[in-house]
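Novice: coordinates for the following, if possible.
(chains A and B)
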There are 2 protein chains.
Amino acid sequence: MSVTTAAGFLASGVTAGLKPSGRPDLALVVNTGPDQVAAAVFTTNRVKAAPVLWSQQAVADGRLHAVVLNSGGANACTGPDGFADAHRTAEHVAAELGRRDGVEVGAGDVAVCSTGLIGVRLPMDLLTAGVTAAAGALAEDGGAVAAGAIMTTDTVAKTAGYADEGWSVGGMAKGAGMLAPGLATMLVVITTDAVIDAEAAGEHLRRACSTSFERVDSDGCMSTNDTVVLMSSGASGVRPAPHDFQAALSETCQDLAMQLLRDAEGSSHDIAIEVQHAASEADALEVARAVARSNLFKCAIFGGDPNWGRVLAAIGTTGADFEPDRIDVAFNGVELCRDGSIGDDRSLVDLSGRDVRVTINLRNGRGAATIWTNDLTYDYVKENAEYST
Amino acid sequence: MSVTTAAGFLASGVTAGLKPSGRPDLALVVNTGPDQVAAAVFTTNRVKAAPVLWSQQAVADGRLHAVVLNSGGANACTGPDGFADAHRTAEHVAAELGRRDGVEVGAGDVAVCSTGLIGVRLPMDLLTAGVTAAAGALAEDGGAVAAGAIMTTDTVAKTAGYADEGWSVGGMAKGAGMLAPGLATMLVVITTDAVIDAEAAGEHLRRACSTSFERVDSDGCMSTNDTVVLMSSGASGVRPAPHDFQAALSETCQDLAMQLLRDAEGSSHDIAIEVQHAASEADALEVARAVARSNLFKCAIFGGDPNWGRVLAAIGTTGADFEPDRIDVAFNGVELCRDGSIGDDRSLVDLSGRDVRVTINLRNGRGAATIWTNDLTYDYVKENAEYST
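Specialist: Next up is the predicted model:
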């Protein structure tokens, strides 16, 4: 499954030469219709990269013809010149697609996504030549190549999809989690041949993101470039029931989000922080996120230490509604903390596997939420100390 | 200078055997009067250790006779039994001091501070025997020994003080920063022989903490046990002008806070995040703290990389009032980011020294604040992955 699983899409990936490594660094995904419906979700960081500012405008009318994605440079904090570069990239894509298909394509129907070092201008000569090459390489089975071309520190290409009777959803992703990516920006492109209107597409996408990418918090840092784009070609001619489409989209997003988590830079554990019986879902999320962002907790997991005291210390920094002496905490099912105090023996917990589940029961209501995070390791420090982003 | 620099104080430090290392682990500081004025500031963590809950009650009347401090166990998340242990410790101190001096001492005039592993009961037999030994070892020059006995992962004992004509302030500390300590709890005891009333002592202490310990944010984690106690014996007979006393107290706190920063677990850089021209001091603090808590930024400093893009990405996550294209950022005086975009060349910045100053100019008002933090290093991960707290 990939972005070309859905009918009506072409994709390609090429080496434009933006990355010193010489690996593929530019991908193009084109919607050949008949519909060109689109929606997108962007970083909530107030320092937004030029391609985010550009793409917000491009998708505002609910329509996109193509998305171009580059690694090797984030084009963030590059001022008006950087915005002009993003604009020029979209224009070049539009011109190439127009020439290729003999149709009029507007730059305003081309979204641009970039990832890499902040505060450096893109080499526009290389980029535009790469766009020309990518347009020439577009293929109905180009999804896997495109997914490979958006990798930065990713160790594997990430694709997912969902096929129903007569219609399908496909997707690709790079980077870590949406609201709190690791080293690099998260970029996601999702395609579908289902028939759907733009407003519904936006609602479905926001809902799918809110319980997938937005619940992955690998290292608490939020990128300037995070983008999730959904495009619909309507090529299947099938208009699925809203519930069915939501399920397919949410499943695809969740699949990609878990792939991002498992490939987070330098991590050795995937940790689910599950909060139960909070006064509200918002409280549950606040508590889960506070634990997910505790460096002390994350180091302990790396060290194989089921340190429930650090979980309670993190919970105590929140404004959530709870009583300290009614909190229960379990590590992989072993209830180490009961009534906010000493529970079962910590030697009963086995943290040798990659998956860790920390369950926090606030015994205070019906709110629940899970945040996925990673441990804090030597390799995390190494990658982020030695790599300039 | 130490807690016994001020007249009217005795102190001691002994090995009670609470720590497997066999190092000193119990300290006692006694105010012999004539006044026994006291004030304290405690962690704002809502999960408070038993000794914090006990000491909050003890100091509520503005009066303390003594403070007992132990390492080797935090007595946090230990339920009603843990609170009873803190109470019993205070009672034992009161009994020993009463016997020693032939006076009546109430347990309610003894503050208790503990640091170490959360979620483990203290070995009360060892602790009470240690208290007896500490009471027997009290000395007019015991300040340095006491400062050594409260060390946990500290590599040096931390003392400070201030002497004016006829009156003085002395202090000792262990751990990292108040609102966001590193591995271990921050415990601070400050003594003075100046004449001061309890209400004023509390106001002076809160003001001194707010610009010292509360502005050190080594790793974003807040302990369940942080405590700062101020005791005044009035033994000098001098009542300094409020402004003079505030200056002496603030200077002592600032000195101790910087010692804590320099000794933070595993750190290789001390980083001042200085925010200028914010719309308010609260905005400046929010921005400085967001940068201080960015793991990506902290790894970059460890790697000697003046990564201003990560500074802007962190600023963008705040709710502070700013325009992204009016932000200037300098590393050690080199303005790498101007108008939110590319400034001077990053090769001009030298990060080889221990001290790093990041200056963020929001060009938006008169608010200013500085937060001190550390870099994120292999050794930070090592200490916190291998050491159970």
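
Novice: for the rest of this, base every contact and every neighbour count on C-alpha atoms.
Specialist: Fine.

Novice: chain center to stretch A:58-78, what's the gap?
Specialist: 15 Å (CA atoms, centre = their mean, to the nearest Å).

Novice: can it be found next to chain B?
Specialist: Yes - Stretch A:58-78 lies within reach of chain B by CA under 8 Å from any CA of the partner chain, at A:76-78.

Novice: okay, how far is it across that stretch, tip to tip?
Specialist: Using CA to CA, to the nearest Å, the gap from the first to the last residue of stretch A:58-78 comes to 19 Å.

Novice: could you do stretch A:287-307 as well?
Specialist: Between where stretch A:287-307 begins and where it ends, there is a gap of 16 Å, by CA to CA.

Novice: residues of it that come out buried?
Specialist: Within stretch A:287-307, the residues that count as buried by 16 or more other CA atoms under 10 Å in any protein chain shown are A:287-307.

Novice: please read off the pLDDT at A:Thr152 from the model.
Specialist: In this prediction, A:Thr152 carries a pLDDT score of 83.

Novice: what does A:Cys221 give?
Specialist: Turning to A:Cys221, the model gives it a pLDDT of 74.

Novice: before we move on, what about A:Ser388?
Specialist: The per-residue pLDDT of A:Ser388 was computed as 56.

Novice: same deal with A:Ala147?
Specialist: For A:Ala147, the model assigns a pLDDT of 97.

Novice: and if you look at A:Thr115?
Specialist: Note on A:Thr115: pLDDT of 92.

Novice: number of residues surrounding the closest residue to it other than its chain neighbours?
Specialist: The shortest distance from A:Thr115 to any non-neighbouring residue, by CA to CA, 6 or more residues apart in numbering or on different chains, is to A:Ala74 (4.0 Å). Using other CA atoms under 10 Å in any protein chain shown, A:Ala74 has 28 other residues around it.

Novice: ok, the one 3 residues further on next?
Specialist: A:Cys77: 30 surrounding residues under other CA under 10 Å.

Novice: same check, this time on A:Ala241
Specialist: A:Ala241: 9 surrounding residues under other CA under 10 Å.

Novice: any idea of the mean pLDDT in the lengthiest helix in chain A?
Specialist: Taking residue count as the measure and DSSP state H as the definition, the longest helix of chain A comes out as helix A:79-101. Per-residue pLDDT values across helix A:79-101 average out to 97.

Novice: then stretch A:309-317?
Specialist: Across stretch A:309-317, the average pLDDT comes to 93.

Novice: now stretch A:47-63
Specialist: Averaging the model's pLDDT scores along stretch A:47-63 yields 97.

Novice: try stretch A:249-262
Specialist: Averaging pLDDT along stretch A:249-262 yields 94.

Novice: other residues contacting it?
Specialist: Outside stretch A:249-262, the residues within contact range by CA atoms under 8 Å, 6 or more residues apart in numbering or on different chains are A:158-162, A:169-177, A:204-205, A:207-209, A:211-213, A:216, A:218, A:270, A:372-374.

Novice: what residues sit buried inside it?
Specialist: Going by neighbour count (16+ other CA under 10 Å), the buried part of stretch A:249-262 is A:249-262.

Novice: switch those residues over to CSV; also include distance to B:Ile190 and secondary structure.
Specialist: Converted to CSV, those look like this (distance: CA to CA, whole Å; DSSP: H, G, I helix; E, B strand; the rest coil):
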residue, distance to B:Ile190, secondary structure
A:Leu249, 60, helix
A:Ser250, 57, helix
A:Glu251, 58, helix
A:Thr252, 58, helix
A:Cys253, 55, helix
A:Gln254, 53, helix
A:Asp255, 55, helix
A:Leu256, 54, helix
A:Ala257, 50, helix
A:Met258, 50, helix
A:Gln259, 52, helix
A:Leu260, 49, helix
A:Leu261, 47, helix
A:Arg262, 48, helix
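
Novice: the residue nearest to A:Ser218 when sequence neighbours are not counted bridge partners, please.
Specialist: Take A:Ser218 and drop its neighbours on the chain: the residue closest to it by CA to CA, 6+ apart is A:Thr373, 4.5 Å away. With DSSP bridges as the criterion, A:Thr373 is bridged to A:Ile271.

Novice: the residue nearest to A:Thr115 and chain B, how far apart?
Specialist: Computed as CA to the nearest CA, to the nearest Å, the A:Ala74 to chain B distance reads 10 Å.

Novice: surely that residue touches A:Ile118?
Specialist: Yes - with contact defined as CA atoms under 8 Å, A:Ala74 reaches A:Ile118; the gap is 5.4 Å.

Novice: ok, back up a step: count of neighbours near the residue nearest to A:Ser218?
Specialist: Using other CA under 10 Å, A:Thr373 is surrounded by 30 other residues.

Novice: shaky segments in the stretch 251-389 of chain A?
Specialist: Low-confidence segments of the stretch 251-389 of chain A, defined by pLDDT under 70, are located at A:387-389.

Novice: can you tell me which residues in it are near chain B?
Specialist: Close to chain B, as judged by CA under 8 Å from any CA, the stretch 251-389 of chain A has residues A:294-296, A:299-305, A:307-310, A:312-318, A:324-325, A:339-342, A:376-378, A:381-382, A:384-386, A:388-389.

Novice: and for the stretch 51-200 of chain A?
Specialist: With CA under 8 Å from any CA as the criterion, the stretch 51-200 of chain A comes near chain B at residues A:76-79, A:117-120, A:182-183.

Novice: ends of stretch A:289-305, what's the gap?
Specialist: Chord length of stretch A:289-305, first to last residue, is 20 Å (CA to CA).

Novice: who's in contact with that stretch?
Specialist: A:217-220, A:268-269, A:273, A:306-307, A:310-311, A:314-315, A:317-318, A:350-352, A:371-377, B:182-183, B:219-221, B:381-382, B:384-386, B:388.

Novice: for chain A, which segments count as helices?
Specialist: Ranges of helices in chain A, per DSSP H, are A:50-59, A:79-101, A:124-136, A:143-149, A:198-210, A:242-262, A:281-292, A:295-302, A:308-315, A:378-386.

Novice: could I get those as a markdown table with distance to B:Asp125?
Specialist: Shown next, in a markdown table, are the helices of chain A (distance: least, CA to CA, whole Å):
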| stretch | distance to B:Asp125 |
| --- | --- |
| helix A:50-59 | 63 |
| helix A:79-101 | 67 |
| helix A:124-136 | 73 |
| helix A:143-149 | 64 |
| helix A:198-210 | 53 |
| helix A:242-262 | 47 |
| helix A:281-292 | 35 |
| helix A:295-302 | 30 |
| helix A:308-315 | 24 |
| helix A:378-386 | 40 |
